[in-house]
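In: make a model of this:
(one chain, ligands or ions: 1)
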Amino acid sequence: MGMLDYRTAGESHGAALVVLVEGLPSGLALDLGAIDSGLRRRQGGFGRGGRMKIENDAARILTGIRAGATIGSPLALEILNKDARLDSAASVHRPRPGHADFAGAMKWLTTDCRSVLERASARETAARVAAGAVAKQLLADYGIEALGYVTRIGNVAVEVDSGLTNAAIIAARDASDVYCTDATASAGMIEAIKQAKADKDTLGGVVEVRVTGVPAGVGSCMRWQDKLDGRIMGALGSVQAFKGVEIGLGFGCAERPGSRVHDEIDFDASQRGTANLGFVRRSNNAGGLEGGMTNGMPIVVRGVMKPISTLLRGMDSVNLETHSPERSDYERSDICAVPAASVVAEHVVAFEVARAFCEKFGGDTMQEMRAAYSNYLDTARNLGST
Ligand code: EPS
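Out: Okay, here's the model as predicted:
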């Protein structure tokens with residue numbers, strides 16, 4: 001059985017987005033409705049533009065499933081584009097600063113940015129969400145849950161109380177049009193987005209993902225490629241328009257001495273049965289990861305999304321055909337896609353956790369994975385107790 005992995009294909013206005021997930025164990029019952037509800041959530045959020053009124057994203061399973069469960073073969077999913085018009089889409093000669101337009105035009109030796117921007121478009125994240133939704137279902141079998149939400153849009157920010165239960169986070173987030181857990185902050189974020197729209201401008205923000213229930217010891221410190229913190233940062237940093245990622249206290253670690261950064265350890269036998277195996281931390285500045293491995297505390301990771309680079313008012317640019325100074329091209333876009341990005345973040349982080357989880361406990365079948373997982377937990381919980 002190969003490593004759990006996925007690849008995507010598809011252009012923003014092409015026929016479809018496609019995702020191929022390989023390395024899934026057999027016997028994972030897949031709920032297509034749960035995949036579609038992730039896709040729907042990604043389409044939403046205040047600040048989205050006209051495109052999301054056209055699309056109605058839903059995944060169709062092409063391969064890899066028999067009688068509703070995986071059979072060990074590659075899983076292919078397809079999400080059709082309703083706004084499919086790639087061949088007739090207009091040329092783009094005036095690159096938008098911040099978009100892939102300019103760098104891609106140079107890379108592929110063209111003055112028309114269209115072919116590049118079609119693949120660079122954040123529409124591709126629908127395919128990543130579909131893959132992540134499959135990974136989330138695998139993780140759910142082990143009581144692991146990944147949650148994404150918005151903590152900042154423009155100048156409006158909120159800190160999420162680490163004591164909130166997952167159910168409380170989900171209830172508050174899903175009641176918010178900007179996927180933020182705080183109602184007052186949500187109202188401020190919506191105002192900020194309205195103002196950006198009035199200014200013909202765009203807004204970025206910060207999203208946070210919390211993953212609970214991952215037992216200590218997932219990931220590795222042995223090869224840099226296997227460090228789970230590095231993989232999570234890579235996955236999140238690769239999401240369109242993301243410019244920074246931090247785990248736990250993140251950049252805040254720079255300001256404090258070690259005694260106020262590292263999470264002191266207590267032992268509480270009554271928590272032996274939980275992900276921390278009884279070794280409780282007084283804080284979670286490490287964001288659940290030490291030495292590239294989980295430590296049993298929730299994984300907490302944040303990413304910053306820059307404002308969308310398609311501005312209604314344009315920005316100074318250069319016509320690649322004539323070299324004359326002109327305003328950048330405008331085409332229909334979003335004012336703020338940070339809420340959608342929180343959904344994408346949740347799913348790409350979930351996939352990395354599932355990948356590392358399969359590396360530690362993986363087998364060809366879910367039965368073997370469950371046995372390996374429970375054997376590991378039994379052994380880990382008995383360490384030092386004889
Ligand atoms: C995007 C531009 C907009 C966004 C799109 C990303 O699309 P369009 O040009 O068709 O209006 O809506 O995001 C999606 C389509 C999506 O599914 O998230 C861009 O240029 O990156």
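
In: make it CA atoms for all contacts and neighbour counts henceforth
Out: Noted.

In: list the buried ones in the helix ranked longest in the chain?
Out: For the chain, the helix with the greatest residue count under DSSP state H is helix 338-361. Applying a neighbour-count criterion of 16 or more other C-alpha atoms under 10 Å, one finds 338-361 buried in helix 338-361.

In: repeat for stretch 75-82
Out: By 16+ other C-alpha under 10 Å, the buried positions in stretch 75-82 come out as L75, A76, L77, E78, I79, L80, N81.

In: what lies in contact with it?
Out: By C-alpha atoms under 8 Å, 6 or more residues apart in numbering, the surrounding residues in contact with stretch 75-82 are 12-22, 54-65, 126-127, 130.

In: among those residues, which are in reach of the ligand?
Out: Among the contacts of stretch 75-82, the ones lying near the ligand by C-alpha under 6 Å from any ligand atom are S12.

In: now list the buried members of the contacts of stretch 75-82.
Out: Here, 16+ other C-alpha under 10 Å leaves 12-22, 57-59, 63-65, 126-127, 130 buried among the contacts of stretch 75-82.

In: give the helix, strand or coil label for the closest residue to the ligand within the stretch 151-300 of the chain.
Out: The minimum distance from the stretch 151-300 of the chain to the ligand, using C-alpha to the nearest ligand atom, falls at Q240 (7.7 Å). Under DSSP: H, G, I helix; E, B strand; the rest coil, Q240 falls in the coil class.

In: how many residues are close by it?
Out: By the criterion of other C-alpha atoms under 10 Å, Q240 has 20 neighbours.

In: relative to P215, how far out is it?
Out: For Q240, the distance to P215 equals 30 Å [C-alpha to C-alpha, to the nearest Å].

In: lowest-confidence helix or strand of the protein?
Out: Scoring the helices and strands of the chain by mean pLDDT, DSSP states H and E places helix 51-54 at the bottom, with a mean of 92.

In: list the buried residues of that one.
Out: Along helix 51-54, these residues count as buried under the neighbour rule (16+ other C-alpha under 10 Å): M52.

In: quick one: list the elements packing against it.
Out: Taking 3 or more C-alpha pairs under 8 Å, 6 or more residues apart in numbering; DSSP states H and E as the contact definition, helix 51-54 has no neighbouring helices or strands.

In: keeping just the C-alphas, turn it into CSV.
Out: Taking Å, rounded to 0.1, in the frame of the first residue of the first chain, the C-alpha atoms of helix 51-54 are listed here in CSV:
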residue,chain,number,x,y,z
ARG,A,51,-19.3,33.0,-9.5
MET,A,52,-20.5,31.2,-6.4
LYS,A,53,-24.1,32.0,-7.4
ILE,A,54,-23.5,30.1,-10.6
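
In: what's near enough to touch the most centrally placed residue in the chain?
Out: The structure's the chain has its C-alpha centroid closest to A345; by C-alpha atoms, centre = their mean the separation is 1.7 Å. A345 sits next to G148, V207, E208, V209, L236, V239, G303 when contact means C-alpha under 8 Å, 6+ apart.

In: and the contacts of stretch 257-277?
Out: With C-alpha under 8 Å, 6+ apart as the test, stretch 257-277 has contacts from 213-216, 249, 253, 278-286, 295-297, 377, 380-381.

In: can you mark which positions in that stretch are buried?
Out: V261, H262, D263, R272, T274, A275, N276, L277.

In: next, the distance between the ends of that stretch.
Out: One end of stretch 257-277 sits 28 Å from the other (C-alpha to C-alpha).

In: tell me the mean pLDDT over it?
Out: For stretch 257-277, mean pLDDT is 95.

In: one more: stretch 227-247?
Out: Stretch 227-247 shows a mean pLDDT of 98 in the predicted model.

In: restrict it to CA atoms and write it as CSV.
Out: Extracted C-alpha coordinates of stretch 227-247, given in CSV (Å, rounded to 0.1, in the frame of the first residue of the first chain):
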residue,chain,number,x,y,z
LYS,A,227,8.0,16.2,10.2
LEU,A,228,4.3,16.8,10.6
ASP,A,229,4.6,20.5,11.5
GLY,A,230,6.6,21.1,8.3
ARG,A,231,4.0,19.2,6.2
ILE,A,232,1.1,21.1,7.8
MET,A,233,2.8,24.4,7.2
GLY,A,234,3.6,23.4,3.6
ALA,A,235,0.1,22.3,2.9
LEU,A,236,-1.4,25.5,4.4
GLY,A,237,1.2,27.8,2.8
SER,A,238,0.4,26.3,-0.6
VAL,A,239,-3.2,27.4,-0.4
GLN,A,240,-3.8,30.1,-3.0
ALA,A,241,-3.1,33.6,-1.6
PHE,A,242,-1.6,32.4,1.8
LYS,A,243,1.4,34.4,2.8
GLY,A,244,2.2,33.0,6.3
VAL,A,245,1.6,30.1,8.6
GLU,A,246,2.2,29.7,12.3
ILE,A,247,1.7,26.8,14.7
